[in-house]
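J.: sequence? don't have it. structure:
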Ligand code: IMP
């Protein structure tokens, strides 16, 4: 399948994703049995994963979709990122961030710092995919769907240049490995 300039091939089937999401849901049901967490799915990439994960949870919970906005700082430090769309007090709440994919972990680190500064009770992360870099850096993620290598993926909410979010399965870019290049 070709999207823009890149060729993609099937990577994770719809049924494998469904099974994994059910497994993650089971863990969260168990761990948050006596709590009422607030899910914060990070738009846009996590919309499909968040919907499937949250649909059918047995626990009492709230959901609030948020977005990360990048704005140019006034200093030469470059791009600063901030969470937008939080419409309720998160003070003393148990938060579960819902991410599509964690690569360097920098986005996640910023989000966690920001949430912690709001006086949250606890902050945990559930991500569908984790790339090798995040794994090697030991980014703290409690619930992980799939560990993958340094490959570019799309589908099931994830995009390439805005395209491909609608796909039911996860695809990966068919690029030569560094050794082959
Ligand atoms: P990080 O800050 O490097 O962890 O980047 C995380 C964000 O980059 C994710 O939430 C995605 O929006 C985007 N991203 C990283 N890798 C991919 C990929 O393989 N496909 C699509 N988006 C990606």
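T.: Sure, I can see it. Keep in mind it's a predicted model, so treat the numbers as computed, not measured.

J.: Not counting its neighbours along the chain, what's nearest residue 17?
T.: In this structure, residue 17 finds its nearest non-sequential neighbour in residue 156, 6.1 Å apart by CB to CB, 6 or more residues apart in numbering. (Each C-beta comes from the backbone N, C-alpha and C, glycine too.)

J.: Mind checking the pLDDT average for the helix or strand in which residue 81 is found?
T.: Under the criterion of DSSP states H and E, residue 81 resides in strand 79-84. The pLDDT scores in strand 79-84 average 77.

J.: Mind checking if the host helix or strand of residue 51 is in reach of the ligand?
T.: Secondary structure from DSSP H and E places residue 51 in helix 47-54. No - residues of helix 47-54 contacting the ligand under CB under 6 Å from any ligand atom: none, with a closest distance of 10.9 Å.

J.: tell me the contacts of residue 142?
T.: Applying CB atoms under 8 Å, 6 or more residues apart in numbering to residue 142 gives the contacts 124-126.

J.: Turn those residues into JSON lines, including pLDDT, distance to residue 143 and neighbour count.
T.: Formatted as JSON lines, the contacts of residue 142 follow (pLDDT from 0 to 100; distance: CB to CB, whole Å; neighbours: other CB atoms under 10 Å):
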{"residue": "124", "pLDDT": "97", "distance to residue 143": "7", "neighbour count": "17"}
{"residue": "125", "pLDDT": "97", "distance to residue 143": "7", "neighbour count": "23"}
{"residue": "126", "pLDDT": "98", "distance to residue 143": "4", "neighbour count": "24"}
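
J.: OK, contacts around the closest residue to residue 45 other than its chain neighbours?
T.: Among residues not flanking residue 45 along the chain, residue 100 sits closest, at 3.5 Å (CB to CB, 6+ apart). Counting by CB under 8 Å, 6+ apart, residue 100 touches 42, 45-46, 49, 127-129, 156-158.
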